[in-house]
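Engineer: Below are the sequence and a predicted model; questions follow.
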Amino acid sequence: MSPTDPSDRPEPSDRPVPDTLLTARGIEKSFGTNHVLRGVDLEVRRGEVIALIGPSGSGKTTVLRSLNGLETPDAGLVQVAGGPVVDFGAQAAATTGAWAGRRAGARRAKADRAALRDRSAMVFQHHNLFPHRTVLENVIEGPTQVKRIPRATAVNRAEELLARVGLEDKRDAYPHELSGGQQQRVGIVRALALEPDLLLFDEPTSALDPELVGEVLTVMKELADEGWTMVVVTHELQFARQVADEVLFLDGGVVVERGAPAQIFSQPAEERTRRFLDRILHPLD
Amino acid sequence: MDWQLVADSFWPLLRGGLVGTIPLALASFAIGLVLALVVALLRLSPNPVLSWVGRAYVSLIRGTPLLVQLFIIFYGLPQLGVRFDPWPAAIIAFSMNVGGYAAEVIRAAILSVPKGQWEAGWTVGMSPVRTLSRIILPQAARVSVPPLSNTFISLVKDTSLATVILVTEMFRKAQEIAAFSNEFMVIYTEAALIYWMFCTVLATGQNAIEKRLDRYVAH
Ligand SMILES: Nc1ncnc2c1ncn2[C@@H]1O[C@H](COP(=O)(O)OP(=O)(O)OP(=O)(O)O)[C@@H](O)[C@H]1O
Ligand SMILES: [Mg+2]
């Protein structure tokens, strides 16, 4: 990671306090005429777990993908773990100028994405394991190929992590030979093996059969207890209530309400939050 | 029927296949696949100029007869001062041809890999090129084995066209023996059977490769 050039990178107006791990300010994103994110702010301290809830299409996935550089917002600032402040607005402006300017803009966008990806890891809704690689190979791919860790070291570390989620005997299996819950646990281990500062989860249990949800949530709860910093998009309200330090309710591309789980779930201040929780808790009424 | 002639001509024909047809097909296929990958990536490029170049190439190759392509390279180019011996000329023509047809196969195979696989590669920290080579292409390979095998089998048969630019492959041998013995039916049938034998062996090989690549796919 090259040090950032202060003359060319804007600082966020108010500098984050030292133990802030993630700062996102004013994230804006449109897909064509669909204005999906309308200025989303996030602030996560080291060791905190944030639950992102909200109706379908409210932009939860887009927020998460923006933090990992999988989506490029039109505007907004993101900084993870003391890395460079990624200014998406400046990036968007830089990629529309003359040819030479566009080249520089593209180089910078690439560096920005790398800065975000070096510090965070993503667990996908549909695990996205590499089907042509065994469980072990899936886990060591990042460490050996990207971080250049010696294979033996990476294998040892992978075996430890697999043992922790109860999958040590599956190291040589292919993903299709596992249950959905096991696949998702491997997905989590693959993310952990990158030793990220920040773990991002996009509805990690919503594609699972109900009886498999528990084993994945248990692993996530253990990670939270160990002090991992996590942003979790989820519909599992009980998990959010037990594990999250803060719950954010997103609707229509804005954070409508945020607060401690007890407060959000028992006494939501906003009518929209109340209606959403009602629909989830009492779907038949 | 002249069985003695059949026996006497079998070895020269088979030899023409082993030292002519097969090496010509293998070399052209190997070079053609590399070319096809490049053309497929051009076509998939977000840059409109590169993508147009890829499309134009595929269109030209698929829209003109292979025989004409051979004639242009062997008989046409020398008039512009570019002269090739029969073998290089044949390999160039066949590679370019495979490049055009296989490019479409490879492009479709790359597109058939779910987008989530690219994203998983990126979030693991891999560059787009590394993601392509380590994550996407191995999965695309599985999908493209059957259509690429067809391309290869067609190529083995198409190499018989190289006789018109004086390459001594199996069919040229057959023409020589037939002209000498006047037994056109016998010799050409014999040549056809040897081509058929080659293609049957190849089809068996295709099955073996598919089985091997199948080990990570759910059944
Ligand atoms: N790549 C894309 N191209 C165009 N539109 C998109 C794209 N990704 C998301 N959208 C749109 O953005 C909006 C927000 O999508 P997003 O996936 O972030 O919502 P979500 O809150 O995660 O929903 P869900 O709970 O269904 O997963 C939706 O209207 C969606 O159609
Ligand atoms: Mg989503």
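Structural biologist: Cool, got the structure. Numbering: from 1, shown residues only, chains lettered A, B, ... in the order given. Ligands and ions are numbered 1, 2, ... in the order given.
Engineer: From here on, just use CA atoms for contacts and neighbour counts.
Structural biologist: Noted.
Engineer: ok, the nearest residue to A:Pro268 once chain neighbours are set aside to ligand 1 distance?
Structural biologist: In space, and not counting its chain neighbours, A:Pro268 is closest to A:Arg274: 5.9 Å by Cα to Cα, 6 or more residues apart in numbering or on different chains. From A:Arg274 across to ligand 1, the span is 17 Å (Cα to the nearest ligand atom, to the nearest Å).
Engineer: how many other residues sit next to A:Arg274?
Structural biologist: Counted with other Cα atoms under 10 Å in any protein chain shown, the neighbours of A:Arg274 add up to 15.
Engineer: now swap in A:Pro283 and tell me
Structural biologist: With other Cα under 10 Å as criterion, A:Pro283 counts 8.
Engineer: where does it fall, phi/psi-wise?
Structural biologist: For A:Pro283, the backbone dihedrals (degrees, to the nearest 10) come out as phi -60, psi -20.
Engineer: what packs against the host helix or strand of A:His35?
Structural biologist: Here A:His35, judged by DSSP states H and E, is contained in strand A:34-45. With contacts taken as 3 or more Cα pairs under 8 Å, 6 or more residues apart in numbering or on different chains; DSSP states H and E, strand A:34-45 sits against strand A:20-31, helix A:60-67, strand A:254-259.
Engineer: Quick one: closest of these to chain B.
Structural biologist: If you check each of the helices and strands packed on strand A:34-45 against chain B by Cα to the nearest Cα, helix A:60-67 wins as the nearest, at 9.9 Å.
Engineer: immediately after the closest one, which helix or strand?
Structural biologist: strand A:75-80.
Engineer: so after that next one, what's the next helix or strand?
Structural biologist: Assigned by DSSP H and E, the successor of strand A:75-80 is strand A:86-87.
Engineer: my guess is the residue nearest to A:Pro268 is in a helix, correct?
Structural biologist: Yes: the assignment for A:Arg274 by DSSP: H, G, I helix; E, B strand; the rest coil puts it in a helix.
Engineer: Adjacent strands (with direction) for the strand holding A:His35?
Structural biologist: Sheet partners assigned to strand A:34-45 using DSSP bridges are listed as strand A:20-31 (antiparallel).
Engineer: Can you pull the residues of the stretch 51-200 of chain A lying near ligand 1?
Structural biologist: Counting by Cα under 6 Å from any ligand atom, the positions of the stretch 51-200 of chain A adjacent to ligand 1 are A:Pro55, A:Ser56, A:Gly57, A:Ser58, A:Gly59, A:Lys60, A:Thr61, A:Thr62.
Engineer: Could you pick out the buried ones from those residues?
Structural biologist: Buried members of those, counted by 16 or more other Cα atoms under 10 Å in any protein chain shown: A:Pro55, A:Ser58, A:Gly59, A:Lys60, A:Thr61, A:Thr62.
Engineer: my guess is the fifth one contacts A:Pro204, does it?
Structural biologist: To tie it back to what came earlier, the one meant is A:Thr61. No: counting by Cα atoms under 8 Å, A:Thr61 does not reach A:Pro204; the two are 11.5 Å apart.
Engineer: After the helix or strand harbouring A:Ala191, heading C-terminal, what element do we hit next?
Structural biologist: For A:Ala191, the host element (DSSP H and E) is helix A:180-192. With elements assigned by DSSP H and E, the helix or strand that comes after helix A:180-192 is strand A:198-202.
Engineer: May I ask which two of the buried ones among the residues of the stretch 51-200 of chain A next to ligand 1 are separated the most?
Structural biologist: Using Cα to Cα, the two most remote members of those are A:Pro55 and A:Thr62, lying 13.0 Å apart.
Engineer: just checking, what packs against the longest helix seen in chain B?
Structural biologist: Counting residues, the longest helix in chain B under DSSP state H turns out to be helix B:184-213. Applying 3+ Cα pairs under 8 Å, 6+ apart, one finds that helix B:184-213 makes contact with helix B:3-16, helix B:137-158, helix B:170-181.
Engineer: Check the helices and strands packed on strand A:34-45 for me and report the most buried one.
Structural biologist: helix A:60-67 (a mean of 23; mean count of other Cα atoms under 10 Å in any protein chain shown).
Engineer: so where's the chain uncertain?
Structural biologist: Picked chain A for this. A:1-18, A:95-98 (pLDDT under 70).
Engineer: that's the wrong chain, I meant chain B
Structural biologist: B:1, B:216-219.
Engineer: one more time with 80
Structural biologist: Across chain B, the ranges flagged by pLDDT under 80 are B:1-2, B:213-219.
Engineer: Which single residue in it comes nearest to ligand 1?
Structural biologist: B:Lys115 (10.9 Å; Cα to the nearest ligand atom).
Engineer: on that earlier part again, format the residues of the stretch 51-200 of chain A next to ligand 1 as JSON lines; extra columns: distance to A:Gly82.
Structural biologist: As requested, these are exported to JSON lines (distance: Cα to Cα, whole Å):
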{"residue": "A:Pro55", "distance to A:Gly82": "32"}
{"residue": "A:Ser56", "distance to A:Gly82": "32"}
{"residue": "A:Gly57", "distance to A:Gly82": "31"}
{"residue": "A:Ser58", "distance to A:Gly82": "29"}
{"residue": "A:Gly59", "distance to A:Gly82": "26"}
{"residue": "A:Lys60", "distance to A:Gly82": "24"}
{"residue": "A:Thr61", "distance to A:Gly82": "24"}
{"residue": "A:Thr62", "distance to A:Gly82": "23"}
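Engineer: residues from chain B in reach of chain A?
Structural biologist: B:116-117, B:119-120, B:122-126, B:135, B:138-139, B:216-218 (Cα under 8 Å from any Cα of the partner chain).
Engineer: buried subset of those?
Structural biologist: Counted by 16+ other Cα under 10 Å, the residues of chain B next to chain A give B:Gln117, B:Glu119, B:Ala120, B:Trp122, B:Thr123, B:Val124, B:Gly125, B:Met126, B:Ile135, B:Pro138, B:Gln139, B:Tyr216 as buried.
Engineer: Tell me how far the first one lies from A:Gly142.
Structural biologist: Which is B:Gln117. As defined by Cα to Cα, to the nearest Å, B:Gln117 lies at a distance of 14 Å from A:Gly142.
Engineer: returning to that earlier point: among the buried ones among the residues of the stretch 51-200 of chain A next to ligand 1, which one sits closest to A:Gly181?
Structural biologist: Closest to A:Gly181 out of those is A:Thr61 (20.8 Å), distances taken as Cα to Cα.
Engineer: How much space separates the spatially most central residue of chain A from B:Pro114?
Structural biologist: The C-alpha lying nearest the average C-alpha coordinate of chain A belongs to A:Leu200 (Cα atoms, centre = their mean; 2.2 Å). Distance from A:Leu200 to B:Pro114, counting by Cα to Cα: 21 Å.
Engineer: for B:Ala102, same thing?
Structural biologist: In terms of Cα to Cα, B:Ala102 sits 21 Å off from B:Pro114.
Engineer: Repeat that for A:Asp169.
Structural biologist: Taken as Cα to Cα, the span from A:Asp169 to B:Pro114 is 28 Å.
Engineer: what's the answer for A:Glu257, then?
Structural biologist: Relative to B:Pro114, A:Glu257 is positioned 35 Å away (Cα to Cα).
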